[in-house]
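Asker: Structure of the sequence below:
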Amino acid sequence: MKKIILICTLALVVSGLNAQEKKKYRVACIGFYNVENLFDTYHDEGKNDYEFLPEGSNQWTEERYLKKLENIAEVISKLGVKTVSAGPAVIGLSEIENRRVLEDLVAMPSIRDKNYQIVHYEGPDLRGVDVALIYQPAIFKLVSSRSIRLTIPTEKGFFTRDQLLVSGIIDDEPIHIIVNHWPSRSSGEKRTSPLRCAAADLTRSIVDSITQADSNAKIIVMGDLNDDPVNESIVKHLRAKGKQEDLSKGDMFNPMYKMYKDGVGSLAYRDAWSLFDNIIVSQSLLGNDKTTFKFYQARVFNENFLVQKSGAFKGYPWRTYAGGAYQGGYADHFPVYMYIIKEVK
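Answerer: Numbering: from 1, shown residues only. Predicted structure coming up:
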């Protein structure tokens, strides 16, 4: 397969290099987006999707569904393109109902030419929402995938999103991606914290199983974790820290930590910002050896067109519904994304 990863010329401040020195790098963009209830207009047997039907409380019509698809595709078409014109090589998604909505999404005119392929498994969530991943096969070569279920013996009748492990190759280098949507805070942060800690333990066990097979494996954990980078689930259970100098063997690095401390968020609630959407990397993606892919930068994609311009939710992410009223926006979360780079000799 012909490689078409974009080769960019970036002025980077890298240890040992003059700040003005320009070098060429292969750059790949990897993102995550909680798309807020991407449902089709049909009932899925056994799922509580009734509010997202034409006759449901949200009056979810084909017109509104199409508008939602156009909006999400627009975001994907613009994500990271200021640096990588090819756009995201890989995007993890959450709150998608089924494979059908993914097929409709990747067929949208604004991203159809990227030929995004789909990785999705039906999960046990009662509302029917799952996590998924789409990828450009010209950049990311899929090797394997599997869906991993979180079960908590003490929580009878508990169902949450599966965790999705996708392994592939970018420019001859294996990359492992774990897509998450951890249990929500709907019953209160303190009461539900043990559920997210259990989800973090599962993610950590997946990371450990990968590194047992390959101690230098490049691993990316992404998702809506329903916790901020400073919370126990992320710091203690997943072992993801915000300062590279604080990392012990096996710890992961969370670049979203500093952003959170600086007041940057990916969603807002009662005029307070949270950064639940995280992209976390293994130590194998850190360091100054740019002969192999390394983490370069992570960002929240909070462009002006994604922001509510008026009303009670002015300044928040422009969502599809707010206060029970249809808004015609994008989602209640901003996407997050990162770049990995490798020097071209």
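Asker: C-alpha from now on. contacts and neighbour counts both.
Answerer: OK.
Asker: what about the helices in this protein?
Answerer: 62-78, 99-106, 189-213, 232, 256-261 (DSSP state H).
Asker: Could you work out which of the ones you listed reaches nearest to residue 330?
Answerer: In terms of Cα to Cα, the element of the helices of the chain nearest to residue 330 is helix 62-78, at 5.6 Å.
Asker: That closest one to helix 99-106, inter-axis angle?
Answerer: 60 degrees (axes from the mean of the first three to the mean of the last three Cα atoms, to 10 degrees).
Asker: Figure out how far stretch 221-238 is from the centre of its chain.
Answerer: Centroid separation for stretch 221-238 versus its chain: 13 Å, with Cα atoms, centre = their mean, to the nearest Å.
Asker: Over to stretch 146-160?
Answerer: The answer for stretch 146-160 is 21 Å, by Cα atoms, centre = their mean.
Asker: next one: stretch 324-331
Answerer: 21 Å.
Asker: Residues contacting it, please?
Answerer: Stretch 324-331 is contacted from outside by 34-36, 58, 64, 67-68, 71-72, 306, 317-321, using Cα atoms under 8 Å, 6 or more residues apart in numbering.
Asker: try 6 Å this time
Answerer: Residues outside stretch 324-331 that contact it (Cα atoms under 6 Å, 6 or more residues apart in numbering) are 35-36, 71, 318-321.
Asker: ends of that stretch, how far apart?
Answerer: 14 Å (Cα to Cα, to the nearest Å).
Asker: Tell me which stretches of the stretch 1-150 of the chain form strands.
Answerer: 7-11, 22-38, 88-96, 117-120, 130-135, 140-148 (DSSP state E, counting those that start in this stretch).
Asker: want to try TSV for the ones you listed, with mean neighbour count as columns?
Answerer: TSV is the format used below for these (neighbours: other Cα atoms under 10 Å):
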stretch	mean neighbour count
strand 7-11	15
strand 22-38	22
strand 88-96	24
strand 117-120	18
strand 130-135	25
strand 140-148	17
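Asker: and the two most separated of the contacts of stretch 324-331?
Answerer: Taking Cα to Cα, no two of the contacts of stretch 324-331 sit farther apart than 71 and 321, at 13.5 Å.
Asker: mind checking the end-to-end distance for stretch 136-144?
Answerer: 15 Å.
Asker: meant to ask about stretch 234-251
Answerer: Terminal-residue distance, stretch 234-251 (Cα to Cα): 11 Å.
Asker: what about the helices of the chain, which gets the closest to residue 166?
Answerer: helix 189-213 (11.3 Å).
Asker: Just the buried residues of the closest one, please?
Answerer: Buried residues in helix 189-213, counting neighbours by 16 or more other Cα atoms under 10 Å, are found at 193, 195-204, 206-207, 210-211.
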